[in-house]
Structures are given as C-alpha cells and as structure tokens.
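Chemist: here you go, sequence then predicted model.
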Amino acid sequence: MSARGGRGARHAGGASQRRRRRGSVDDERSLDRGPGLRSRRVRVIYVAVEGESTEPGYLDYLNKEFGDGDKDRPPFRIQPIWQRNGMLPTATVAAARQHAEPEDEAWVLFDRDGTDRDADIQRAFQDAAEAKAEIGFSHPSFDLWLLLHFQPFSGAQSGSSKIVVEKLRSALGAEAFQDYDKRNDKSITSRRRDALRGRERAAVANARALVNACAHSGCSASQASVDRVDHGSAGAPPLAWPAWSARSGHALDCPPLRQDPSTGVWRLLVSLGIVPAAR
C-alpha cells in the first residue's frame, strides 16, 4: 500500500499538515464494541516518522489489525505524520510537536542510518525529551524491527542496514520480503502484512533481548517504561534527555548511538496493549 494510503496519515507539508481539532470524529468517537463490551473512546497517538513508505505503511497495518481493540484492550488510532523524501530525526520531533495537542500522546520513529547525522540524532533526543515525545529509535534502521518478527539478530552494524536487509529477504516465513528494498520498494504490501501478522510477540521478545544483550552492563528491558505520557503534561517539568532516553530500558549512561543493534519500536506495541508487558 502507498504510504499515503494509510487511514489518518498526516503529510507534514501543505494543506494536509493542518492540525485536526479536538472533538473530531476520528479523535473522540465512541466505538460500539458489541455485546458485553462497553463503548470506549479511541486512544489517539500521533507518530512522526522518518521514512515516507515503510513506517507509515506499518503504522497503517497496526491501525487496521489492532485499532478496534478487544475486550481486554481499548481501541486506538495512530495518526502517522510523514513527508515525501523523508525527514531528519529533529524534523520528526518538530512535526510531532506541531500536530499533537497537549492532551495527546506523541511518538517519533527514526533511525541511525549511517554516521553522517549523529549530531542531528543527539539533538532529536534532547528535543523529544523537552516535548515529551516518546522515541522509537532503531539502530541501524527500522528494517531491523521487521526482521525481528522472523528471527533474533545480533552483532553491531555501525549504521549499515545491508546485512539486516539480506537476512530479512531470506528469513524463514518472510518470503514476501524477498524483493524488499529492490527497485526502491520498501512498502508494507498486503503480502508483507500477512507475513508479519501473528509475529508481534516474537518481535517484541527479540527486541527486548537486544536491550538485555547491550554491551553496556546496566541495560535491561525490565527497566523500560511503557506508561502513557501525554505530550503536554501540565505542571510536569521535562526530564533530562538521558532519563527520557532510558525509558527504552537502556541505562542512563548508555549513549543511543552505541545501542547497536537495537530498536525501541517494541515499546509502542506494548504501550498499545498489542503485546502484553513482560512480568
């Protein structure tokens, strides 16, 4: 599916960039969940992403697969914010700030992607802490999160996704990804969604294992926080960025650029109740 095809997508530019008013149908509607289920308000999460295809397509998949909720999990609606030709990490934070109201939840997803923008990544962590925008940082890239649906992974990649993509194309059960990133096709097509379906718990477990295996001895996925944080929590001063970054489970003194390999996308799924929190 095209990145622009996702329901609720927000294109960070032009007329589609206008912030939707609170009280709109998508934000505040109550859902009739059928016999035995009370109507519940939709939880709205604004997620600004670096890529223009893969991440918006994946978030659209989460909306369609899990967004209606069930008897144990409230409904949600992710509002992806993306831009043609992508955004730098700092731009994702700025976009999340622009679109999310103070009472909304805000997330940003961005990657290491090489070594030529480390300063921008560092600034993005600082900005996200100030904005209370949750961070799903992937090192080396979001492709790692997709691979973890099919198999564990280890070994520092120094910002390169070459090996990650090769393993994704050849992973058992990932036949739909055999041509992933060929001819610039990184979309999350219907076949690729089918391949991902039902593997969310495995992906979260594999991502948590990467936190536990971090070269810094103080990192542990059991320390991660998935508690909901409203983007503009009144009266609550922003955390220093190392403390905000440590919500990922990595230690306060474990620099994000050294968390290689790792991905924080798993916390979004646990926060939404798609995968239960580990006990």
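Modeler: Cool, the structure landed.

Chemist: the nearest residue in space to Thr115 that is not next to it in sequence is in what secondary structure piece?
Modeler: Excluding the flanking residues, the one nearest Thr115 by C-beta to C-beta, 6 or more residues apart in numbering is Gly159, at 5.1 Å. From N, CA and C alone the C-beta is placed, and that goes for glycine too. Using DSSP states H and E, Gly159 maps to neither a helix nor a strand.

Chemist: now Gly159: how far from Cys214?
Modeler: Distance from Gly159 to Cys214, counting by C-beta to C-beta, to the nearest Å: 16 Å.

Chemist: and these two? Which one has more around it.
Modeler: Cys214 (21 against 18; other C-beta atoms under 10 Å).

Chemist: the more buried one contacts Cys254, doesn't it?
Modeler: Yes. Using C-beta atoms under 8 Å, Cys214 is in contact with Cys254, at 6.4 Å.

Chemist: just give the number of residues close to the residue lying closest to Glu105 once chain neighbours are set aside.
Modeler: Leaving aside its sequence neighbours, Glu105 sits nearest to Ile45 (C-beta to C-beta, 6+ apart; 4.5 Å). Around Ile45 there are 23 other residues, counting by other C-beta under 10 Å.

Chemist: in contact with Gly159, which residues?
Modeler: Applying C-beta atoms under 8 Å, 6 or more residues apart in numbering, we find Gly159 in contact with 112-115, 139-140, 260.

Chemist: what are the phi and psi angles of it?
Modeler: Taking degrees, to the nearest 10, you get phi 90, psi 0 for the backbone angles of Gly159.

Chemist: report the separation between it and Ser141.
Modeler: 8 Å.

Chemist: list the residues that contact both of those two?
Modeler: Residues touching both Gly159 and Ser141 by C-beta under 8 Å, 6+ apart: 112-113.

Chemist: ok so, going back, these two touch, right, the residue nearest to Glu105 and Pro75?
Modeler: No. In this structure Ile45 lies outside contact range of Pro75 using C-beta under 8 Å: 11.5 Å.

Chemist: list the contacts of stretch 202-222.
Modeler: Contacts for stretch 202-222 (C-beta under 8 Å, 6+ apart): 145, 148-154, 224, 248-254, 258-259, 261-266, 269-270, 275, 278.

Chemist: do the same with stretch 179-193
Modeler: With C-beta under 8 Å, 6+ apart as the criterion, stretch 179-193 contacts 1-3, 51, 53-54, 57-58, 60-61, 65, 143, 146, 165, 168-169, 176-177, 196.

Chemist: and Gly136, what element?
Modeler: strand 134-139.

Chemist: now that strand: average pLDDT?
Modeler: Average pLDDT, strand 134-139: 98.

Chemist: what packs against the following helix or strand past that strand?
Modeler: Using DSSP H and E, the helix or strand that follows strand 134-139 in sequence is helix 142-147. Judged by 3 or more C-beta pairs under 8 Å, 6 or more residues apart in numbering; DSSP states H and E, helix 142-147 is in contact with helix 54-66, helix 162-170, strand 262-263.

Chemist: then helix 142-147 to PDB, C-alphas only?
Modeler: Taking C-alpha atoms only, helix 142-147 is exported to PDB below (Å, rounded to 0.1, in the frame of the first residue of the first chain):
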ATOM      1  CA  PHE A 142      13.500   0.300  11.000                       C
ATOM      2  CA  ASP A 143      14.300  -2.800   8.800                       C
ATOM      3  CA  LEU A 144      15.700  -4.400  12.000                       C
ATOM      4  CA  TRP A 145      12.300  -4.200  13.600                       C
ATOM      5  CA  LEU A 146      10.800  -6.000  10.600                       C
ATOM      6  CA  LEU A 147      13.500  -8.700  10.800                       C
END
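
Chemist: begin at 17 from here
Modeler: Taking 17 as the first residue, the last one we looked at is helix 158-163.

Chemist: what's the offset of it from the middle of its chain?
Modeler: What separates the centre of helix 158-163 from the centre of its chain is 11 Å, taken as C-alpha atoms, centre = their mean, to the nearest Å.
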